[in-house]
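In: need a 3D model of the sequence below.
(one chain, ligands or ions: 2)
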Amino acid sequence: MTTPDGQVPAAPGPPPGSPAGAAGPGPAADTVLDLRDVHRTHGSGPAAVHALRGVSLTVCPGELVAVMGPSGSGKSTLLTLAGGLDSPTAGEVHVEGQPLHALDRRGLARLRRRRIGYIFQNLNLVGSLTAAENVALPLELDGTGVRTARRLALDALTDVGLSELGDRFPDQLSGGQQQRVAIARALVGQRRLVLADEPTGALDSQTGEAVLRLLRHRVDAGAAGILVTHEARHAAWADRVMFLRDGVAVDSTAPLAGVDALLSGSGR
Ligand SMILES: Nc1ncnc2c1ncn2[C@@H]1O[C@H](COP(=O)(O)OP(=O)(O)OP(=O)(O)O)[C@@H](O)[C@H]1O
Ligand SMILES: [Mg+2]
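Out: Ligands and ions are numbered 1, 2, ... in the order given. Next up is the predicted model:
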């Protein structure tokens, strides 16, 4: 395997001394994401908010998991923990066999840049960079040459239907176009874990479908994905659906089989 600029990437496997497999019955060896009984509590005492209360989830290459649940149920919290943007109060997060709590800031930043594509609910585009520069940024930060990064960024923008708009700044784009730039940024390069927080929120249904098809395609090519969505027809693109309520996983089901029942509140 080579990086987009032709270099052999650093081995993604566990670092020396990694406890992968040492702590009881571990997940399959090729598990990309492994959340082990994660909790996230904000604040303390009577004002504490228990955003997640003991959620476990493994996602393997080629698997897309939809996460559904009411507003405030912990969906974005789960994604920030999976992406190493926040740390659990208890429990562990492993990405490609690496326990995130064992990485220092630099190691975590490197893992995030190289291996994790994150589509934020609030997009987080850099306003002073053009669309193409936003998409190229994670590659350049990781040492990819400027020209290669630009070419890959334009390819990724083409994939989301924005080939003509690479030189526009975010404030010169519509909300849906900005969302597609954020998606291109998450998919550019060789991300193994793609985390999408309501990526179709600002898109018309046709563009939304196209974006989900892209996500599905990336996962079919060997990535692992999590898709947070409120819409059952979007969850239908996933291999299974995890349903959160009040920070707890209340059910996990094949899409279509039980999503509507869960959304209407007849689930556990
Ligand atoms: N920094 C924080 N401080 C305190 N509480 C927080 C913080 N971040 C999130 N929460 C709380 O944690 C809970 C879960 O929030 P989260 O953003 O994960 O919900 P969500 O399922 O993504 O909701 P939505 O569908 O509205 O995006 C909510 O009650 C929220 O208010
Ligand atoms: Mg959210």
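
In: make it CA atoms for all contacts and neighbour counts henceforth
Out: Noted.

In: can you give me the helices in the protein?
Out: Ranges of helices in the chain, per DSSP state H, are 75-82, 105-115, 131-141, 146-159, 175-187, 205-220, 232-235, 259-263.

In: to ligand 1, which of those lies closest?
Out: Nearest of the helices of the chain to ligand 1, taken as Cα to the nearest ligand atom: helix 75-82 at 3.7 Å.

In: tell me which parts of the stretch 1-150 of the chain are close to ligand 1?
Out: H42, V49, A51, P70, S71, G72, S73, G74, K75, S76, T77 (Cα under 6 Å from any ligand atom).

In: number of residues surrounding the closest residue in space to the second one that isn't next to it in sequence?
Out: Just to be clear, that refers to V49. Closest residue to V49 apart from its sequence neighbours, by Cα to Cα, 6 or more residues apart in numbering: H42 at 5.0 Å. Neighbours of H42 under the rule other Cα atoms under 10 Å: 12.

In: OK, contacts around H42?
Out: H42 is in contact with A48, V49, H50, A51, counting by Cα atoms under 8 Å, 6 or more residues apart in numbering.

In: same check, this time on R53
Out: By Cα under 8 Å, 6+ apart, R53 lies in contact with D37, V38, H39, R40, G247, V248.

In: touching, the fifth one and L52? I think so.
Out: Yes. In this structure, G247 sits in contact with L52. The criterion is Cα atoms under 8 Å, and the distance is 3.9 Å.

In: mean confidence for stretch 212-230?
Out: Taken as a whole, stretch 212-230 has an average pLDDT of 92.

In: start and end of it, how far apart?
Out: Start to finish, the residues bounding stretch 212-230 are 14 Å apart (Cα to Cα, to the nearest Å).

In: equivalent analysis for stretch 94-102, please.
Out: 10 Å.

In: how many residues are close by R115?
Out: So R115, with other Cα under 10 Å, has 22 neighbours.

In: next: P46.
Out: P46: 6 neighbours (other Cα under 10 Å).

In: from T89, how far off is it?
Out: P46 is 17 Å from T89, where distance means Cα to Cα.

In: per-residue confidence at S73?
Out: S73 is given a pLDDT of 96.

In: verify the contact between V160 and E209 for me.
Out: No. Using Cα under 8 Å, V160 is not in contact with E209, being 10.9 Å away.

In: with that, I have no additional questions.
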